[in-house]
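Asker: Prediction below, plus the sequence it came from.
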Amino acid sequence: MKHPKVSFAITDEDTIVSAEYTTYFRSVIAFGKARIVEGAERFEAFKAMVEKYSGVT
């Protein structure tokens, strides 16, 4: 992988306040490194994500 650095951002509860010419919001940014996984490791990583984020076990 040529450039493994990655980031992920989430913005929550944005409120536009026209009278103040601004926006109030909460956000978070996560930084990390990505890599390609194969075989059993790929399956286990996918399974872990599905269990964590979907509630399916």
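Answerer: Structure's in. What do you need? Since the model is a prediction, treat every value here as computed from it, not as a measurement.
Asker: switch to C-alpha atoms for all contacts and neighbour counts from now on
Answerer: Fine.
Asker: partners of the residue nearest to the spatial centre of the chain in the sheet?
Answerer: Compute the mean C-alpha point of the chain, and by C-alpha atoms, centre = their mean the closest residue is Phe8, 4.3 Å away. Here Phe8 sits in beta bridges with Ala30, going by DSSP bridges.
Asker: so how far is Ala45 from it?
Answerer: Separation of Phe8 from Ala45 (C-alpha to C-alpha, to the nearest Å): 18 Å.
Asker: Is the residue lying farthest from the centre of the chain in a helix, a strand, or coil?
Answerer: For the chain, the residue at maximal distance from the C-alpha centroid (C-alpha atoms, centre = their mean) is Ala19, at 32.2 Å. Under DSSP: H, G, I helix; E, B strand; the rest coil, the three-state class of Ala19 is helix.
Asker: For it, give its distance to Phe25.
Answerer: 16 Å.
Asker: before we move on, what about His3?
Answerer: Taking C-alpha to C-alpha, one finds His3 at 30 Å from Phe25.
Asker: More neighbours: these two, which one.
Answerer: Phe25 (11 against 8; other C-alpha atoms under 10 Å).
Asker: Let me see the contact set for the nearest residue to the more buried one once chain neighbours are set aside.
Answerer: What sits nearest to Phe25 in space, not counting adjacent residues and going by C-alpha to C-alpha, 6 or more residues apart in numbering, is Asp14, at 4.2 Å. Shown in contact with Asp14 (C-alpha atoms under 8 Å, 6 or more residues apart in numbering): 23-26.
Asker: run the last query once more with 10 Å
Answerer: Applying C-alpha atoms under 10 Å, 6 or more residues apart in numbering to Asp14 gives the contacts 23-27.
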